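*Asks:* give me a 3D structure for the following:
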Amino acid sequence: MKYKSTRGGVGGLTFTEAFLMGLATDGGLIVPDNIPIVDLDRLKDLNYKELAFEIFKLFIDDIDEGSIKDLIEKSYSTFDTEEITPVVRKNGVYILELFHGPTFAFKDVALQFLGNLFEYVLKERGTYVNVLGATSGDTGSAAIYGLKGRENINIFILHPHNKVSRIQKLQMTTVEDRNVYNIAIKGTFDDCQAIVKSIFGDVEFKDRYHLAAVNSINWARILAQIVYYFYAYLKTQVDELYFSVPTGNFGDIFAGYVAKRMGLPIKKLILATNSNDILYRFVNFGDYSKGEVVKTLSPSMDIQIASNFERYLYYLYDGDCEKVKVNMERFQKDGSLKFPLDVLKKVREDFDSFRVSEKDTLNTIKTFHDETGYIIDPHTACGVFAAKRSGYRNVVCLATAHPAKFPEAIYEAIGRYPEAPEAIKKLEGKKQRLKVLDNSVDEVKRFIEKSLAD
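*Replies:* Numbering: from 1, shown residues only. A predicted model of the protein is given here:
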């Protein structure tokens, strides 16, 4: 399997080269040359780790199979259940629990793997990296927990200052390992993401400081997330499934789109947004135009520019790299793209989308708890609301975070705080380490340079 850029300027990459490059050097995102079709019958009796191996080996041919199995075993040994991503049936929907990793969010499924993959590849190559990423809340802590204390790796994570939940901030800033650098940007997640993309676009700076990506711009993130879509199908034993996915950056739902292209019988993907609704407007009206980021109860979705949208655009345009490049350059210039009805018809074959208000989020948490005794976090509530609004049967709702990561929202909805895991309770009162910087590419560059020189 070889990899290339969505913009056509880079190609012929091995998996490891694509993994280390992160963002393609021509500014595009990296995709595989082809998407393999899976024989579902061969998967039906597999556990999660076995399933991950069968999926991974289709996309990785420059790492031996024994090492892939070892990486999988090591990555998922940190989860609190052998199932890794259990599926439960509640109130007429399936809940795919993606919060059983060390930071209690779906990002752990990919980032525990990425941490071990970085360590393996760097040891094989005798080199080092400085990981740079942006987070709207959960990616940061999951990446930090995946990479903290590892040799030959430093990690710099940007988050929007005072715009993540209190628990998300504590998970990032209380880590004591000296290879971890938390940067709070005076701006939004989109600003953080733009800074990271700009720095990766400076190829000379990127190469000089051995920068690597940990955001979902890294194909390995998407690869790891594909697995739980297949796992949910195997657990439900339903021939035609719908998946409802709360998303702002389009990475989690894009993994489902790839799974569908691999032959998983997904009828439709239901895209749930909060008030930051650029993806909702795209699916329903063909309007992909950025607006002001609104702070909501579901902060990990407080995003107005979806970084994985470019990957979807590549497939929407049947692999026409020039068309993708022209569109992304236009969006960079104007902040807006418009799609005609014939294109939207194709989009709607795969996606439905619903926008969820704050009131609907709280009501969904309350109603779901009243009827089942089960507490869902605000992001998951967006997905459940969208599932109910769709009217479809056999919907799997992705539960992307443990409710204890958003205790204030849960209290507002049901009048009491959720029970927190011990690891979250232990964060309270711990010393925090972070650097607050202006919304400036140059300031972040200077901070990286100074930190690595010390």
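*Asks:* SS state for the residue nearest to T173 when sequence neighbours are not counted?
*Replies:* Nearest residue to T173, sequence neighbours excluded (Cβ to Cβ, 6 or more residues apart in numbering): Q432, at 3.9 Å. In short, each C-beta sits where N, CA and C put it, glycine included. Here Q432 is recorded as coil under DSSP: H, G, I helix; E, B strand; the rest coil.
*Asks:* now K267
*Replies:* Under three-state DSSP, the three-state class of K267 is strand.
*Asks:* what mean pLDDT does the helix or strand that E329 is a member of have?
*Replies:* Using DSSP states H and E, E329 sits in helix 321-334. Averaged over helix 321-334, pLDDT sits at 97.
*Asks:* how far out from the middle of the chain is it?
*Replies:* 23 Å (Cα atoms, centre = their mean, to the nearest Å).
*Asks:* for stretch 312-326, same thing?
*Replies:* That offset, for stretch 312-326, works out to 21 Å (Cα atoms, centre = their mean).
*Asks:* output it as PDB, nothing but the C-alphas.
*Replies:* This file holds the C-alpha atoms of stretch 312-326, laid out as PDB (Å, rounded to 0.1, in the frame of the first residue of the first chain):
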ATOM      1  CA  TYR A 312     -13.600  13.700   2.000                       C
ATOM      2  CA  LEU A 313     -13.500  16.200  -0.800                       C
ATOM      3  CA  TYR A 314     -10.900  14.000  -2.500                       C
ATOM      4  CA  TYR A 315     -13.300  11.100  -2.600                       C
ATOM      5  CA  LEU A 316     -16.300  13.300  -3.400                       C
ATOM      6  CA  TYR A 317     -14.400  14.400  -6.500                       C
ATOM      7  CA  ASP A 318     -13.400  10.900  -7.400                       C
ATOM      8  CA  GLY A 319      -9.700  11.400  -6.700                       C
ATOM      9  CA  ASP A 320      -9.300  14.600  -8.800                       C
ATOM     10  CA  CYS A 321      -6.400  16.200  -6.900                       C
ATOM     11  CA  GLU A 322      -6.400  19.400  -9.000                       C
ATOM     12  CA  LYS A 323     -10.100  20.000  -8.200                       C
ATOM     13  CA  VAL A 324      -9.300  19.500  -4.500                       C
ATOM     14  CA  LYS A 325      -6.300  21.800  -4.600                       C
ATOM     15  CA  VAL A 326      -8.300  24.600  -6.400                       C
END
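*Asks:* all helices for the stretch 251-400 of the chain, in order.
*Replies:* 251-261, 278-285, 309-316, 321-334, 341-347, 358-372, 378-390 (DSSP state H, counting those that start in this stretch).
*Asks:* make JSON lines from these and add mean neighbour count to it.
*Replies:* JSON lines is the format used below for the helices of the stretch 251-400 of the chain (neighbours: other Cβ atoms under 10 Å):
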{"stretch": "helix 251-261", "mean neighbour count": "24"}
{"stretch": "helix 278-285", "mean neighbour count": "20"}
{"stretch": "helix 309-316", "mean neighbour count": "22"}
{"stretch": "helix 321-334", "mean neighbour count": "15"}
{"stretch": "helix 341-347", "mean neighbour count": "12"}
{"stretch": "helix 358-372", "mean neighbour count": "18"}
{"stretch": "helix 378-390", "mean neighbour count": "27"}
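*Asks:* Throw those into CSV and include distance to C192, thanks.
*Replies:* Formatted as CSV, those follow (distance: least, Cβ to Cβ, whole Å):
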stretch, distance to C192
helix 251-261, 15
helix 278-285, 17
helix 309-316, 17
helix 321-334, 17
helix 341-347, 28
helix 358-372, 23
helix 378-390, 18
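*Asks:* what inclination does the helix holding E329 have with respect to helix 309-316?
*Replies:* 140 degrees (axes from the mean of the first three to the mean of the last three Cα atoms, to 10 degrees).
*Asks:* so which elements touch helix 321-334?
*Replies:* Applying 3 or more Cβ pairs under 8 Å, 6 or more residues apart in numbering; DSSP states H and E, one finds that helix 321-334 contacts helix 309-316, strand 336-338.
*Asks:* in a markdown table: the ones you listed, plus distance to S390.
*Replies:* A markdown table is the format used below for the helices and strands packed on helix 321-334 (distance: least, Cβ to Cβ, whole Å):
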| stretch | distance to S390 |
| --- | --- |
| helix 309-316 | 20 |
| strand 336-338 | 25 |
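*Asks:* and of these, who's closest to R389?
*Replies:* helix 309-316 (22.4 Å; Cβ to Cβ).
*Asks:* quick check: angle from that closest one to helix 278-285?
*Replies:* 30 degrees.
*Asks:* what does helix 309-316 contact?
*Replies:* 6, 28-29, 31, 222, 250, 254, 257, 261, 279, 282, 288, 320-321, 324, 327-328, 343, 346-347 (Cβ atoms under 8 Å, 6 or more residues apart in numbering).
*Asks:* quick one on the thing from earlier: surely the residue nearest to T173 and T174 touch.
*Replies:* Yes. Counting by Cβ atoms under 8 Å, Q432 does reach T174; the two are 5.8 Å apart.
*Asks:* so these two - more neighbours on which side?
*Replies:* T174 (19 against 12; other Cβ atoms under 10 Å).
*Asks:* ok, the spatially closest residue to that one that is not a sequence neighbour to D191 distance?
*Replies:* Spatially, and ignoring its direct neighbours in sequence, T174 is nearest to K430 (4.0 Å; Cβ to Cβ, 6+ apart). Separation of K430 from D191 (Cβ to Cβ, to the nearest Å) stands at 27 Å.
*Asks:* next one: G28
*Replies:* 21 Å.
*Asks:* out of these two, which sits in the more crowded spot?
*Replies:* Using other Cβ under 10 Å as the criterion, G28 and D191 rank with G28 on top: 23 against 20.
*Asks:* please name the residues that touch the residue nearest to T173.
*Replies:* Counting by Cβ under 8 Å, 6+ apart, Q432 makes contact with K169, L170, T173, T174.
*Asks:* and stretch 88-107, what's buried?
*Replies:* Using 16 or more other Cβ atoms under 10 Å as the test for burial, stretch 88-107 gives 90-91, 93-107.
*Asks:* inside helices: which ones of these?
*Replies:* K107 (DSSP state H).
*Asks:* touching, E119 and R150? I think so.
*Replies:* Yes. Between E119 and R150 there is a contact at 5.4 Å, judged by Cβ under 8 Å.
*Asks:* need the distance between the two termini of stretch 4-14.
*Replies:* From its first residue to its last, stretch 4-14 covers 9 Å (Cα to Cα, to the nearest Å).
*Asks:* quick one: mean pLDDT over it.
*Replies:* Averaged over stretch 4-14, pLDDT sits at 98.
*Asks:* chain center to that stretch: distance?
*Replies:* Distance, stretch centre to chain centre, for stretch 4-14: 22 Å (Cα atoms, centre = their mean).
*Asks:* same question, stretch 24-41
*Replies:* 16 Å.
*Asks:* begin at 22 from now on, thanks
*Replies:* Let's use 22 as the start, then, which means that last one is stretch 45-62.
*Asks:* can you give me the buried ones in that stretch?
*Replies:* Buried, per 16+ other Cβ under 10 Å, within stretch 45-62: A45, T46, D47, G48, G49, L50, I51, V52, P53, I56, V59.
*Asks:* done for today, thanks.
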